[in-house]
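In: Coordinates only, no sequence provided:
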């Protein structure tokens, strides 16, 4: 069984985001990238499946700063093959373009299951999972928090709002958008990652020029400002509390 | 198939037992007479499936793999209490327990709570998950300005290794700022590394992540190498332990002193500045990594006694028998885990002793302690009026700065 995990790195919100001088994008020079948390769960789910069903796991990620660490960490966790897509990804790429380049690489791998994070905080034009499922004409189920393989089909747990969970059978090959792996992503000792860096290799595949058709055109990117109705109450704790009580009385909740 | 009474290949137990004997003083493990003092003195020994002495017996019985299947080894707070009482002087904390945690970590048996601190340390150079760019933000407003060596680019007498919690934790920053004021008042020519500083890595090492420790040490080594200074000082006993005892093994050799040693040397200069009376009964908590691990017991007490109005009283456990605050060896990042297993907090035990000593102030000299003991004081009956003060804060109080 072939499992492919699609991974992307996204801005790490530990650093304050700054807007590029062009006013329509983030300033990537000041941004630190981190694996999309949901993709990390997709990776964990793939390894759990490998442990249960003897699957072969390949991870694919576009070439941006820090991607080697992510791929070697995956290899140290038990991934069989890692692929880095070489292309013009440094300034960011929309989900349509990313899904198209993933599609090309994935097709050659003849996957039974494609796992990816259900979403990422920089998805401006929808998440990658349903797009790639569309391009490949595979079924897609998102918000998945558990996967089993039974008689050559996958049985997935899908989360719905309001605390509902559905179990559904999905014919393979399929794309699953992972909300959460069955267990939290595992920790792998740094010595194992270093070992992987010495013994394992990352395959590199060149991609064609990115086709961003279908994505949004950003006219202006800016930091949210507090609305006109927001009032900042000045003063010490007593004064602020007194003023709050007055306001509650004015609007009739007290 | 023929079986043999003796395993034909060295077992994992045997390989591990042999590897322990290669550590400094490691051969002493052969002298373990199973007295169980270690298990008795261990603050969490009663919770552990296999406290230190029992681990040794399992090693000898060739069934060490039992230990790898349990998680209670993670209750070890690396406090050196077991090493202190061992009649055979076996390096139980730095050897047996730390190596056992390393094996657990390699086997993937890591509490998820601990995982975050390790991942943050790897990614951001600090276990708190704070931006490395903000490591020196605490210095804003200190007058005169604190020299950040990357910008200052000139030799200094003293490099102050600030550390993780002193840099980022809002409570501990108060003590950090107090120490900066003391150095300024003494006219010390000092600088800090700012964002070039990484976690010292010692607690990560004692939590079994040796590879991470080495990476962090190498990064600090590269930063030290860039600048000229005569010695390093630190307020953090864990950093002190790392730089004094562990970094040299990696070829990173610099003279290092804990600030209590450093200030004691300058006591003649400091004493005239201690003009304000503190008027309090003060009890001092010996941090594990200052006391048992490095034998610094009297320097902090001498400094406290130099403060006008301080009456020093001792808790029932003091010096070599001091109780751990619960933060060592990864304990800082396992509060939930410890609570789940033990339903007690070591910090509360210590605060109860402080209350019993009739002290008004619990004085501390380790950055893990002020937040831990202040939290504990909220839970302990009769501790409502107990103040937790860092030694640096008591000194600046007495200096009126």
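Out: In hand now; what should we look at? None of the values given here were measured: they were computed from a predicted structure.
In: which SS state does the residue in the stretch 101-250 of chain B positioned nearest to chain A fall under?
Out: Using C-beta to the nearest C-beta, residue B:211 is the residue of the stretch 101-250 of chain B that sits closest to chain A, at 3.4 Å. For the C-beta atoms, the positions are set from N, CA and C on the backbone; glycine is no exception. State at residue B:211, reduced to three classes by DSSP: H, G, I helix; E, B strand; the rest coil: helix.
In: Could you list the contact residues of chain A toward chain B?
Out: Residues of chain A lying near chain B by C-beta under 8 Å from any C-beta of the partner chain: A:14-15, A:34, A:184, A:186-194.
In: which one of the residues you listed is nearest residue B:58?
Out: residue A:189 (22.4 Å; C-beta to C-beta).
In: tell me the phi and psi of the closest one?
Out: Main-chain torsions, residue A:189, degrees, to the nearest 10: phi -60, psi 140.
In: Was I right to think it contacts residue B:211?
Out: Yes: between residue A:189 and residue B:211 a contact is recorded at 5.9 Å, counting by C-beta atoms under 8 Å.
In: Need the overlap of contacts for the two.
Out: Common neighbours of residue A:189 and residue B:211 (criterion: C-beta atoms under 8 Å, 6 or more residues apart in numbering or on different chains): none identified.
In: what sits up against stretch A:75-82?
Out: Contacts of stretch A:75-82 (C-beta under 8 Å, 6+ apart): A:5, A:43-44, A:46-47, A:50-51, A:56-61, A:71-72, A:74, A:186, A:188, A:192-193, A:195-196, A:200, A:202-203.
In: Over to stretch A:123-139?
Out: Where contact means C-beta under 8 Å, 6+ apart, the residues beyond stretch A:123-139 that reach it are A:6, A:8, A:94-96, A:98-100, A:102-103, A:106-107, A:114, A:116-120, A:140, A:142, A:170-171, A:173-177, A:214-216, A:218.
In: Just the endpoints, please. Distance across it?
Out: 21 Å (C-alpha to C-alpha, to the nearest Å).
In: check contacts around residue B:165.
Out: The contact partners of residue B:165, by C-beta under 8 Å, 6+ apart, come to B:128, B:172, B:236, B:367, B:368, B:371.
In: try 10 Å
Out: Residue B:165 makes contact with B:126-128, B:171-173, B:175-176, B:199, B:235-236, B:238, B:327, B:332, B:366-371 under the criterion C-beta atoms under 10 Å, 6 or more residues apart in numbering or on different chains.
In: Now do the same for it: its pLDDT.
Out: Looking at residue B:165, its pLDDT is 98.
In: In terms of helices and strands, where is it?
Out: helix B:164-168 (DSSP states H and E).
In: Next: residue A:51.
Out: helix A:37-53.
In: How about the residues of chain B by chain A?
Out: B:102, B:104-112, B:114-116, B:118-124, B:129-134, B:204, B:208-216 (C-beta under 10 Å from any C-beta of the partner chain).
In: ok, of those residues, which come out buried?
Out: For the residues of chain B next to chain A, a neighbour count by 16 or more other C-beta atoms under 10 Å in any protein chain shown gives the buried set as B:102, B:104-106, B:109-111, B:114-115, B:118-124, B:130-132, B:134, B:204, B:208-216.
In: So which of the residues you listed belong to strands?
Out: With strands defined by DSSP state E, no entry of those lies inside them.
In: Next, count neighbours for residue A:150.
Out: 8 (other C-beta atoms under 10 Å in any protein chain shown).
In: Next, the contact list for it, please.
Out: residue A:169.
In: tell me the pLDDT at it?
Out: 94.
In: what bridges to it?
Out: residue A:153 (DSSP bridges).
In: Contacts made by the helix or strand bottoming out on mean pLDDT in chain B with the rest, please.
Out: None of the helices or strands of chain B scores lower by mean pLDDT, DSSP states H and E than helix B:65-68, at a mean of 93. Applying C-beta under 10 Å, 6+ apart, the contact partners of helix B:65-68 are B:11-13, B:16, B:48-50, B:54-55, B:58-59, B:73, B:100, B:103-104, B:106-107, B:109.
In: May I see the buried residues of it?
Out: Buried positions in helix B:65-68, judged by neighbour count with 16+ other C-beta under 10 Å: B:67, B:68.
In: Tell me the helix or strand right after it.
Out: Assigned by DSSP H and E, the successor of helix B:65-68 is helix B:81-85.
In: show me the contacts for residue 198.
Out: No chain was given, so I picked chain A. If you count contacts by C-beta under 10 Å, 6+ apart, then residue A:198 has residue A:72 around it.
In: Not quite, go with chain B.
Out: Per C-beta under 10 Å, 6+ apart, neighbours of residue B:198: B:121, B:124-126, B:132, B:135, B:164, B:215-223.
In: Can you give me the neighbour number for residue B:57?
Out: Number of residues near residue B:57 (other C-beta under 10 Å) recorded here: 13.
In: where does the stretch 201-350 of chain B have low pLDDT?
Out: For the stretch 201-350 of chain B, no stretch has pLDDT under 70.
In: Which parts of it are strands?
Out: Assigned strands in the stretch 201-350 of chain B, in chain order: B:229-234, B:256-258, B:280-284, B:310-313 (criterion: DSSP state E, counting those that start in this stretch).
In: Would you confirm that residue A:116 belongs to a helix?
Out: No: counting by three-state DSSP, residue A:116 is not part of a helix but strand.
In: For the closest residue in space to residue B:302 that isn't next to it in sequence, grab the count of nearby residues.
Out: Nearest in space to residue B:302, with sequence neighbours left out and distances taken as C-beta to C-beta, 6 or more residues apart in numbering or on different chains, is residue B:264 at 5.9 Å. Neighbourhood size, residue B:264 [other C-beta under 10 Å]: 18.
In: What about the contacts of stretch A:75-82, which are in strands?
Out: Short answer: the contacts of stretch A:75-82 in strands (DSSP E) are A:5, A:56, A:57, A:58, A:59, A:60, A:61, A:203.
In: and the two most separated of these?
Out: A:56 and A:61 (17.5 Å).
In: Give me the buried subset of the contacts of stretch A:123-139.
Out: Counted by 16+ other C-beta under 10 Å, the contacts of stretch A:123-139 give A:6, A:8, A:94-96, A:98-100, A:102-103, A:106, A:114, A:116-120, A:140, A:142, A:170, A:173-177, A:215 as buried.
In: on that earlier part again, for the residue of the stretch 101-250 of chain B closest to chain A, which residues are in contact?
Out: A:189-195, B:102, B:105-106, B:122, B:204-205.
In: Adding distance to residue B:21, write those out as a markdown table.
Out: Below are the contacts of residue B:211 laid out as a markdown table (distance: C-beta to C-beta, whole Å):
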| residue | distance to residue B:21 |
| --- | --- |
| A:189 | 23 |
| A:190 | 25 |
| A:191 | 21 |
| A:192 | 25 |
| A:193 | 29 |
| A:194 | 26 |
| A:195 | 25 |
| B:102 | 16 |
| B:105 | 21 |
| B:106 | 20 |
| B:122 | 31 |
| B:204 | 25 |
| B:205 | 20 |
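In: between these, which is nearest residue B:314?
Out: For the contacts of residue B:211, the nearest to residue B:314 is residue B:205 (31.2 Å; C-beta to C-beta).
In: I'd guessed the closest one sits against residue B:249; true?
Out: No: judged on C-beta atoms under 10 Å, residue B:205 makes no contact with residue B:249 at a distance of 11.0 Å.
In: Need the residues touching each of the two.
Out: In contact with both residue B:205 and residue B:249: B:214, B:217, using C-beta under 10 Å, 6+ apart.
In: higher neighbour count, the two?
Out: More neighbours surround residue B:205 than the other of residue B:205 and residue B:249, with 27 against 11 (other C-beta under 10 Å).
In: contacting residues around that one?
Out: So residue B:205 contacts B:78, B:94, B:98, B:101-102, B:211-214, B:216-217, B:238, B:241-242, B:246, B:329-330 (C-beta under 10 Å, 6+ apart).
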